[in-house]
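S.K.: Could you work out the structure for the sequence below:
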Amino acid sequence: QVQLVESGGGLVQAGGSLRLSCAASGRTFIRYAMGWFRQAPGKEREFVAGINRIGGTYYADSVKGRFTVSRDNGKNTVYLSMNSLTPEDTAVYYCAAAQIATRTAGSYDYWGQGTQVTVSS
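M.R.: Sure thing, here's the model as predicted:
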């Protein structure tokens, strides 16, 4: 069992930056690939970024070059650094854990409760 708790969301102006954190419980964090997803009002949940167990990263085209995902296995934490934010990035952001590196939400076993990111124009 893995419990995930996101933090770091908030209100930021367009062009600004935020860093989200996701703290995982348990001693098995290193066994999981981690992903970040987001869901805007009226839209489906979409993949944002992922990082595999050894640090390989992959991104949605919409955030490539602006967002960076990283993990600290010693702290059981995964991060999402977001730069050059636009109002289109406004959403609830979720972290999730999966046994394989994947962009597919249905393949993730554990999810956090989400953290709101709002970007004003």
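S.K.: Could you report the separation of the residue nearest in space to the middle of the chain from residue 61?
M.R.: Residue closest to the average C-alpha location in the chain (CA atoms, centre = their mean): residue 36, at 2.5 Å. Relative to residue 61, residue 36 is positioned 15 Å away (CB to CB, to the nearest Å). Every residue, glycine included, has its C-beta placed from N, CA and C.
S.K.: In this model residue 81 seems to touch the residue nearest to the centre of the chain, though I could be wrong.
M.R.: No: with contact defined as CB atoms under 8 Å, residue 36 does not count as touching residue 81 (10.7 Å).
S.K.: Now for these two: what residues contact both?
M.R.: By CB atoms under 8 Å, 6 or more residues apart in numbering, residue 36 and residue 81 have these common neighbours: residue 69.
S.K.: picking that back up, show me what contacts the residue nearest to the centre of the chain?
M.R.: Per CB under 8 Å, 6+ apart, neighbours of residue 36: 20, 22, 47-50, 69, 78, 80, 93-96.
S.K.: The same query, at a cut-off of 10 Å, please.
M.R.: 6, 20, 22, 47-51, 59-60, 63, 67, 69, 78-80, 82, 93-96, 112 (CB atoms under 10 Å, 6 or more residues apart in numbering).
S.K.: Likewise for residue 83?
M.R.: 15-19, 63, 65-68.
S.K.: can you put the residues you listed in TSV and add secondary structure, distance to residue 42 and neighbour count?
M.R.: Below are the contacts of residue 83 laid out as TSV (DSSP: H, G, I helix; E, B strand; the rest coil; distance: CB to CB, whole Å; neighbours: other CB atoms under 10 Å):
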residue	secondary structure	distance to residue 42	neighbour count
15	coil	25	11
16	coil	24	15
17	coil	26	11
18	strand	22	21
19	strand	27	13
63	coil	20	21
65	coil	26	9
66	coil	23	15
67	strand	22	22
68	strand	28	16
